[in-house]
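A.B. asks: One predicted model, sequence on top.
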Amino acid sequence: MVVIDASVVHKWFSSEGEELVTVALDLLEHHLNDKEPLLAPDFIIYELGNSWATKTKLTISQARKFLKDLEKVKINIEEVNFNLVDSAMKFSKKYGVTVYDASYAVLAKEKRCNLITADEKFVKQVNLPFVEHLSEYSA
């Protein structure tokens, strides 16, 4: 099992001008073929929807198609709760990152697995062994 964040999932759909698309797609293929569970907090759906609607040139039809395709991937969605947010706030203060980003790392730590992210700044800032940059991923 691995935790993935929106920066990785975004590459599966909106790959134009993106780096590491092949690696992100390899991760997806590995999940689909080998059934390695992927996990993310529930707000990843909001993050991606917001990105597709406000930060890309996608039409609403394209964004809605991406959303339907995302649902088919069957990412295990972990409901955000007060304990997760509490731990994420502590992590956020300690490492100087957003609570949103911290939530992915806290979830990975709680589930005793790695977080894979394409956010190089985050990886360097927290410098934790279970937080892995997408470029380091191999199936």
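C.D. replies: Perfect, thanks for sending it. Values in this document were obtained by computation on a predicted structure and should not be read as measured data.
A.B. asks: Regarding I116, what is its secondary structure?
C.D. replies: Secondary structure state of I116, per DSSP: H, G, I helix; E, B strand; the rest coil, is strand.
A.B. asks: Show the contacting residues for it.
C.D. replies: By C-beta atoms under 8 Å, 6 or more residues apart in numbering, the contact list for I116 reads 2-5, 8, 27, 132-134, 137. Quick note: C-beta positions are derived from backbone N, CA and C, even for glycine.
A.B. asks: Would you mark the buried spots in the least confident helix or strand in the chain by mean pLDDT?
C.D. replies: When the helices and strands of the chain are compared on mean pLDDT, DSSP states H and E, helix 21-34 comes out lowest with a mean of 90. Neighbour-count burial for helix 21-34 flags 21, 23-24, 27-28, 30-31 (criterion: 16 or more other C-beta atoms under 10 Å).
A.B. asks: What of stretch 77-92?
C.D. replies: 78, 84-85, 87-88, 91-92.
A.B. asks: can you check stretch 35-54 too?
C.D. replies: Neighbour counts over stretch 35-54 (16+ other C-beta under 10 Å) mark 38-41, 43-45, 47-49, 51-52 as buried.
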